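Student: sequence? don't have it. structure:
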């Protein structure tokens, strides 16, 4: 086939205030078709095959009076929505990436993209049985986040009791496995949003997983953390984070990975953390982190995962992902499932 | 004089809910007179001379459904109010502490106390000009808190911009001096509760001190922290802590020392921290600490202070304290000034 000259892409129509609209006159995204630039030296033309769906993307499209407070520049109105993904090289002016190579890149919500070779990440073969999409999940950003969040930020050790919120998500499900199987923590307790998710999290090695939508959740959490908690790996923020501040053991550590509960709410309306005094009396450390700071060390995490897979400590069948076949114009529809709690493990869009 | 057989003491009448009452039918304290036990081996009879007034005492008298969440056991109803202080030995069955020795101890709100020698702290002579009461302030708990909070918890270095809240208080005024004069931080900004206090804090080495009662405080704080803040040493919690979460620089550190703004409020009514998402995007560490964890290393801090005093880096005249001559029955009246912002530097009760 001859190389395409135009591409469909989806741009940010307006910064959302509160929940994102994907349809109607208030839609936050617009489908467009634009010309592709011609290839320069050390560039490739990439066809998007898979798109990564990440809660962090919600943060990238807010309006910020002071973008210096962000770890990555925000997406501006009329810019193509930013997204990680996996693509195949259709045309190449780079020796390193010949036609047919599959690579990871920040492709954006676009059918085709012209990208610099320097912006592409090669995808070496994974241990048998693991598909290439795991480079977006268990062995990609979420897996690396789980690994360094626990080992470096929370300093989790085998004697620790660990709680993971968002435990059925891409990062949380890996955090449960790292704590239970790689570090061998004393006890791992998950928090997730349905009974079904909870049973899955328990199958990953959690001693118990609590459904935060249950009417008895607060009581269940107190009971499950009776002896208090050394490490809390938090993906959700908000009320669950506040409850957990009162459940931390002396010298406990909280790794703040994300705060998905608040991503669609305005800060003014949020209730805030009220139990912070417990941080003083219990000498607790809370630390925020961003996986980008650990990308230069990603091979260390990936080696640990490969070794654990080879030794059977981690099971291929537990590296869960939810792959949703999606028409190009429905990309936002698949993405929004993240905030509806529709996935277990990594939510991947497969373009069809 | 013959040794006393009875002592006046002040006990907790009821756990306060909200502000403490020191008078009237709802008073939280009761004045009593009780017999003193006779002296056993390795005990002394101590006459209280000075009492330390500490915001932490407010925490000790709350009602706690779960006292395991405290760094020290709470004071129970009918128990003598706990307080640090300095006393003189009137009778002794300890070779280490002969009659006439002055020592520091957890004496409580009591005229006389029989204490084990093991519970007494000797008070070696201070550099010329410093009175013994500085063992309750600049060279006691508050000074040690300031030193380790900055050097260990917040890891303050010379290139850092530092903010100290409660900067005119016993701990805050020492934190300002440690940051500005011992560590030599790039810039130190204080926050205090009056213009007069602010001018004093600036005289201690702060580049600027902001009055949080000023109607322009929020704007002033943004302006003073334009390039953001590496280290925040927090004594007050609440709204100022929340504001500061949004003013921290990338990889900033917050040392949570106290939260006096909330000590007289019920947790249910507090607004909570709403800017915690900034902890993630800016990779900020927040850590609570209690000075007791550093008491075994107090000599290290005291040596640093002595050296800085000898070298003239710290000035004797800056080791401020507010000593209030107080009749025994008025001990609560002096103590309550802490929460009304009546002191600069350490608030010390001198019994008359």
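Tutor: Arrived safely, thanks for sending. All values reported here derive from a predicted model rather than from experimental measurement.
Student: nearest residue to the residue in chain A positioned nearest to chain B other than its sequence neighbours?
Tutor: Closest residue of chain A to chain B, Cβ to the nearest Cβ: residue A:272 (2.6 Å). C-beta: built from backbone N, CA, C; applies to glycine. With sequence-adjacent residues excluded and distances taken as Cβ to Cβ, 6 or more residues apart in numbering or on different chains, residue A:272 is closest to residue B:272, at 2.6 Å.
Student: what about the strands in the stretch 1-150 of chain A?
Tutor: Along the stretch 1-150 of chain A, counting by DSSP state E, counting those that start in this stretch, strands occupy A:6-12, A:29-35, A:43-52, A:85-92, A:102-105, A:112-116, A:121-122.
Student: which of the ones you listed is buried the deepest?
Tutor: strand A:43-52 (a mean of 23; mean count of other Cβ atoms under 10 Å in any protein chain shown).
Student: the residue nearest to residue A:272: what's it in contact with?
Tutor: A:242, A:271, A:272, A:273, A:274, A:276, B:242 (Cβ atoms under 8 Å, 6 or more residues apart in numbering or on different chains).
Student: may I have the phi/psi pair for it?
Tutor: Main-chain torsions, residue B:272, degrees, to the nearest 10: phi 90, psi 170.
Student: list the contacts for the residue nearest to residue A:281 when sequence neighbours are not counted?
Tutor: Leaving aside its chain neighbours, residue A:281 sits nearest to residue B:71 (5.0 Å; criterion: Cβ to Cβ, 6+ apart). Shown in contact with residue B:71 (Cβ under 8 Å, 6+ apart): A:281, A:282, A:283, B:290, B:292.
Student: go again with 10 Å.
Tutor: A:250, A:280-283, B:56, B:59-60, B:288-293 (Cβ atoms under 10 Å, 6 or more residues apart in numbering or on different chains).
Student: for residue A:283, see how far away it is.
Tutor: Distance of residue B:71 to residue A:283, computed by Cβ to Cβ, to the nearest Å: 8 Å.
Student: what's the overlap in contacts for these two?
Tutor: A:250, B:288, B:289, B:290, B:292, B:293.
Student: show me what contacts the second one?
Tutor: Taking Cβ under 10 Å, 6+ apart as the definition of contact, the neighbours of residue B:288 are A:248, A:251-252, A:276-286, B:71, B:153, B:234, B:254-259.
Student: restricted to helices, list these.
Tutor: Taking DSSP state H as the definition of helices, the contacts of residue B:288 contribute A:277, A:278, A:279, A:280, A:281.
Student: quick check: pLDDT value at the third one.
Tutor: Pointing back at residue A:279 there. Residue A:279 carries a pLDDT value of 95.
Student: need the nearest residue in space to it, chain neighbours excluded.
Tutor: Per Cβ to Cβ, 6+ apart, closest to residue A:279 is residue B:288, 3.7 Å.
Student: next to chain B in this structure, residues from the stretch 51-200 of chain A, please.
Tutor: Residues of the stretch 51-200 of chain A lying near chain B by Cβ under 10 Å from any Cβ of the partner chain: A:56, A:59, A:64, A:66, A:68, A:69, A:70, A:71, A:72, A:153.
Student: out of those, which is most surrounded?
Tutor: residue A:153 (25 neighbours; other Cβ atoms under 10 Å in any protein chain shown).
Student: surely it is in contact with residue A:285?
Tutor: Yes: with contact defined as Cβ atoms under 10 Å, residue A:153 counts as touching residue A:285 (8.9 Å).
Student: shared neighbours, the two?
Tutor: Common contacts of residue A:153 and residue A:285, defined by Cβ under 10 Å, 6+ apart, comprise A:253, A:254, A:255, B:285.
Student: against which helices or strands is the lengthiest helix in chain A packed?
Tutor: As assigned by DSSP H, the longest helix anywhere in chain A is helix A:298-310. Under the contact criterion of 3 or more Cβ pairs under 10 Å, 6 or more residues apart in numbering or on different chains; DSSP states H and E, helix A:298-310 touches helix A:141-148, helix A:170-177.
Student: hmm, who's touching it?
Tutor: If you take Cβ under 10 Å, 6+ apart as the criterion, helix A:298-310 is touched by A:121, A:124, A:126-130, A:134-135, A:138-141, A:143-148, A:151, A:174, A:177-178, A:181-182, A:291, A:294-295, A:313-316, A:318-319.
Student: of these, buried ones?
Tutor: A:126-127, A:130, A:134-135, A:138-141, A:143-148, A:151, A:174, A:177-178, A:181-182, A:291, A:294, A:313-314, A:318-319 (16 or more other Cβ atoms under 10 Å in any protein chain shown).
Student: how about the strands in the stretch 151-300 of chain A?
Tutor: Per DSSP E, counting those that start in this stretch, the stretch 151-300 of chain A has strands spanning A:161-165, A:187-192, A:208-211, A:229-234, A:248-256, A:285-288. These are given in chain order.
Student: which one of the ones you listed lies closest to residue B:340?
Tutor: Between residue B:340 and the strands of the stretch 151-300 of chain A, the shortest separation by Cβ to Cβ is 31.1 Å, and it involves strand A:285-288.
Student: strand partners (parallel or antiparallel) of that closest one?
Tutor: strand A:248-256 (parallel), strand B:285-288 (antiparallel) (DSSP bridges).
Student: let's have the ones you listed in a markdown table, adding mean pLDDT and distance to residue A:46.
Tutor: Listed next are those as a markdown table, based on pLDDT from 0 to 100; distance: least, Cβ to Cβ, whole Å:
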| stretch | mean pLDDT | distance to residue A:46 |
| --- | --- | --- |
| strand A:248-256 | 97 | 34 |
| strand B:285-288 | 98 | 38 |
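Student: and the ones you listed as TSV, adding distance to residue B:102?
Tutor: Converted to TSV, these look like this (distance: least, Cβ to Cβ, whole Å):
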stretch	distance to residue B:102
strand A:248-256	34
strand B:285-288	33
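Student: quick check: which of those is buried the most?
Tutor: strand B:285-288 (a mean of 24).
Student: phi, psi of the residue nearest to residue A:81 when sequence neighbours are not counted?
Tutor: Nearest residue to residue A:81, sequence neighbours excluded (Cβ to Cβ, 6+ apart): residue A:109, at 4.2 Å. Note on residue A:109: its backbone torsions stand at phi -80, psi 80 [degrees, to the nearest 10].
Student: same check, this time on residue A:214
Tutor: phi -70, psi 140.
Student: pretty sure it is in contact with residue A:197, am I right?
Tutor: No: the pair residue A:214 / residue A:197 is not scored as a contact, 12.0 Å apart, by Cβ under 10 Å.
Student: measure how buried residue A:297 is and give me the count.
Tutor: Count around residue A:297 with other Cβ under 10 Å applied: 13.
Student: what's the pLDDT at it?
Tutor: 93.
Student: ok, the closest residue to it other than its chain neighbours - contacts?
Tutor: Spatial nearest neighbour of residue A:297, chain neighbours left out: residue A:148 (7.4 Å); criterion: Cβ to Cβ, 6+ apart. With contact set as Cβ under 10 Å, 6+ apart, residue A:148 has these partners: A:154, A:178, A:255, A:257, A:289, A:291, A:293-295, A:297-298, A:300-301.
Student: save the residues you listed as a markdown table, and put in distance to residue A:28 too.
Tutor: A markdown table is the format used below for the contacts of residue A:148 (distance: Cβ to Cβ, whole Å):
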| residue | distance to residue A:28 |
| --- | --- |
| A:154 | 34 |
| A:178 | 35 |
| A:255 | 30 |
| A:257 | 25 |
| A:289 | 28 |
| A:291 | 25 |
| A:293 | 29 |
| A:294 | 31 |
| A:295 | 29 |
| A:297 | 35 |
| A:298 | 32 |
| A:300 | 38 |
| A:301 | 34 |
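Student: for the residues you listed, which one is nearest residue B:113?
Tutor: Taking the contacts of residue A:148 together and measuring to residue B:113 by Cβ to Cβ, the closest member is residue A:154, at 44.0 Å.
Student: return the distance of that closest one relative to residue A:137.
Tutor: With Cβ to Cβ as the criterion, residue A:154 and residue A:137 are 21 Å apart.
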